[in-house]
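# Let me see the structure of the following:
(2 chains)
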Amino acid sequence: MARLTDANVSLAREMIGRYPKPKSALIPLLHLAQEQDGYVTTEAMTHIAELVGVTPAEVLGTATFYEMFKFEPVGKYLINICQTMSCALMGADELIHHAEQRLGVTAGGTTADGLFTVAHAECQAACTEAPCLQVNYRFRYRVTPDALDALIDDLQAGHLDGEIPPHGTLQRTRQHIPADRAVGAVAPETVTTPPAWVPPAPPPAEATA
Amino acid sequence: MSVGTPIAHAAGFIAGDRPEIVTARFQYEDAYTLERFLATEGYEGLRAALAKTPQQIHDDVKSATVLGRGGAGFPAGVKWGLTPQGVWPRYLVVNGDESEPGTYKDRLLMELDPHQLIEGCLIACYAAGLSQCFLYVRGEMALAQERIAVALNEAYAAGYVGKNILGTDFSVDIVLQWGAGAYVVGEETALIESLEGNRGMPRLKPPFFPAAIGLYGKPTIVNNVETLCNLPWLARKGPAAYTAIGTETSPGTRMVAVSGHVRRPGVFEIVNGTTTFRDLIYGDEFSQGIRDGSELKAFVPGGGSAPWFLPDQLDLPFEGKLVGAAGSMLGSGAIMVMDDQTDIPYAALTLARFYAHESCGKCTPCREGGTWLARILERVIDGHGAPEDLDLLLEVGESICPGAFPHAASERLGLEAVPFPYKMTTICFVGPSAYAPIHSALTLFRDEFEAKIRPRTRIPVVAAAVAGGGS
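Numbers count the residues shown, from 1 in each chain, chains lettered A, B, ... in the order given. This next block holds a predicted model:
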């Protein structure tokens, strides 16, 4: 189950087709693999390499640069607590400590039931709403320790299943470019003329002199 | 509305009785739908643009002096003109990788009004002859990605994006791209590397100025989300209406986030160039002063990378050149406020740690230096620092930024300002950004660092006779 499923292969082919060069699809494809399995497996990376036409090493090289890709299973819910300045000024340390106490893990760890991973995170672009956190990249603002407890209770009870999908899923609606509306991606080397709506440039000055 | 209206579905945004160029639709809970967008002059800017020649629209953007809102403040119209003549294709890459500490504006624009951004992209592509657009959204922003995906699907179906837009010969695809967690990818050449499917490490400039050699080696315009969101309004109302707001050097509005120890943290669309930091931090319509009746100690005026300001600088307007001369930068419109209870060395650490963590590792001074800075500062804060550690911090900083580093003036300390910018030994700004908070904190509050260093007791070493030793 670690290679991409047939349905995901057709999604992958659609994505690759949008770019002038296939390798540009790498990051979206790695997200697709993570959505399928909850983390990025070696088999999925090999499969992606085949689809894109690069080596598995190149896929690994790209994947390991980015924080969001996990190469081992994480909890169903990844709780990222921001610790950068605005959140730190507003009590992030206390919040992280509280999460560790409540879940019985240290930051970076996963609970024994596989439900939660707690992690430190860097600035999440919600600085006026400090301290903030994300559960599977869905925001919670001005989080107090009590609010964090309530959030964990709700997640455990499944009350937020509709809002927060398991780790790996980002967009629940994907972009789809209808064939009859698509301009289509073109290999950059093959384009030598301006696009249709741009009037041709006047001839160079020396030619008219 | 005179003191500002918080809007529940736009967490943090506070509307006011001020000109609204990019946030006018935030009041509607369904602002992100095509239906609401079309009911509120949506895609009218695109129609207005298509009625002119690309050159006319380009000239409008130039004469309106639309400054880049991503951090550098470079005029968008000038940037578009830097592509080499006769080289095709040309691309638009939208920088939606907002992640500078303190910055919160592009995410709101993407989540709440994605069609406005799409319309801005279309106008830019039309004016600058860009034949494909990649809209790069930060990986951690799931809702922004989702809203843009839905908006693009709607816009394609309705004929606003894709082949022969609104029945003209203007055709452009907009492709949603999303990242996977790397601050440095907000740097434009790193963004391009990432979009090519590589590790997001910055390229050396020169020669890799994106306008000349960008995506796939072709001319590429990289514009910030907020910058592009200005274009539909500008196309509808014209450059004269745009420059009527703000000042000559900084026309229009800007989105600014005020966070930290203020009574009312918030995101505001402000009149560019005239609003002062005092207005923003203390004004009734803005953040309403320091929390719990405390006093202001210091503030970061332009995102985590910016040197810090003191109460001395409160009356400066939010204007790039003046703030630069005063020793800092406006950056990405992010003010972080520290009250008099703030542990300054620790506050500096929360930023230094960020940049050390986010170093991509390409340049040694940043990869090693950033980590050193954070670790030395950590040990000082933990009470394990030696007196020479403070000068060591400055020495490591100088290996990243040789020479005088910008800082604010201080009457209390008898300090004159050192103006922006700085010299750097790294390709991009991540390295210097690790040093900026430490340099500011150490220059303006050195006593707080010294107080954390305990004098060390020297344990006398006494030679003892060893029993049974040979004679």
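
# show me where the chain has strands.
The chain I'm using is chain A. Along chain A, counting by DSSP state E, strands occupy A:77-82, A:116-121, A:133-135, A:138-140.

# could you do chain B instead?
B:5-6, B:14-15, B:91-96, B:132-137, B:173-178, B:220-224, B:253-260, B:266-271, B:296-300, B:334-339.

# Is it possible to get JSON lines of those strands that adds mean pLDDT and mean neighbour count?
For glycine as for every other residue, the C-beta is placed from the backbone atoms N, C-alpha and C. Compiled in JSON lines, the strands of chain B are given as follows (pLDDT from 0 to 100; neighbours: other C-beta atoms under 10 Å in any protein chain shown):
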{"stretch": "strand B:5-6", "mean pLDDT": "87", "mean neighbour count": "12"}
{"stretch": "strand B:14-15", "mean pLDDT": "96", "mean neighbour count": "22"}
{"stretch": "strand B:91-96", "mean pLDDT": "98", "mean neighbour count": "26"}
{"stretch": "strand B:132-137", "mean pLDDT": "98", "mean neighbour count": "26"}
{"stretch": "strand B:173-178", "mean pLDDT": "98", "mean neighbour count": "24"}
{"stretch": "strand B:220-224", "mean pLDDT": "97", "mean neighbour count": "26"}
{"stretch": "strand B:253-260", "mean pLDDT": "97", "mean neighbour count": "28"}
{"stretch": "strand B:266-271", "mean pLDDT": "97", "mean neighbour count": "25"}
{"stretch": "strand B:296-300", "mean pLDDT": "98", "mean neighbour count": "24"}
{"stretch": "strand B:334-339", "mean pLDDT": "98", "mean neighbour count": "27"}
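
# can you tell if stretch B:158-173 touches chain A?
Yes: for stretch B:158-173, a contact with chain A is found by C-beta under 8 Å from any C-beta of the partner chain, at B:159, B:161-163, B:168-173.

# From one end of that stretch to the other, what's the distance?
14 Å (C-alpha to C-alpha, to the nearest Å).

# in chain B, what spans have low per-residue confidence?
B:1-2, B:468-471 (pLDDT under 70).

# hang on, the earlier thing: which one (most neighbours) among the residues of stretch B:158-173 next to chain A?
Of all the residues of stretch B:158-173 next to chain A, the highest neighbour tally under other C-beta atoms under 10 Å in any protein chain shown goes to residue B:161, namely 28 neighbours.

# Tell me the spacing between that residue and residue B:119.
Distance check for residue B:161 against residue B:119: by C-beta to C-beta, to the nearest Å, it reads 10 Å.

# now residue B:450
Taken as C-beta to C-beta, the span from residue B:450 to residue B:119 is 55 Å.

# what about those two, which has more around it?
Between residue B:450 and residue B:119, counting by other C-beta under 10 Å, residue B:119 is the more crowded of the two (30 against 13).

# and the residue lying closest to the more buried one once chain neighbours are set aside, what does it touch?
Once flanking residues are discounted, residue B:119 sits nearest to residue B:232: 4.5 Å by C-beta to C-beta, 6 or more residues apart in numbering or on different chains. By C-beta atoms under 8 Å, 6 or more residues apart in numbering or on different chains, the contact list for residue B:232 reads B:41-46, B:116, B:119-120, B:123.

# same deal with residue A:128?
Residue A:128 makes contact with A:86, B:12, B:104, B:257-259, B:265-267, according to C-beta under 8 Å, 6+ apart.

# Please repeat the previous calculation with a cut-off of 7 Å.
The contact partners of residue A:128, by C-beta atoms under 7 Å, 6 or more residues apart in numbering or on different chains, come to B:12, B:104, B:257-259, B:265-267.

# What about chain A: which of these touch it?
With C-beta under 7 Å from any C-beta of the partner chain as the criterion, these include B:12, B:104, B:257-259, B:265-267 near chain A.

# Quick one: those as a markdown table, columns for distance to residue A:6 too.
Below are the ones next to chain A among the contacts of residue A:128 laid out as a markdown table (distance: C-beta to C-beta, whole Å):
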| residue | distance to residue A:6 |
| --- | --- |
| B:12 | 43 |
| B:104 | 41 |
| B:257 | 45 |
| B:258 | 51 |
| B:259 | 47 |
| B:265 | 48 |
| B:266 | 48 |
| B:267 | 44 |
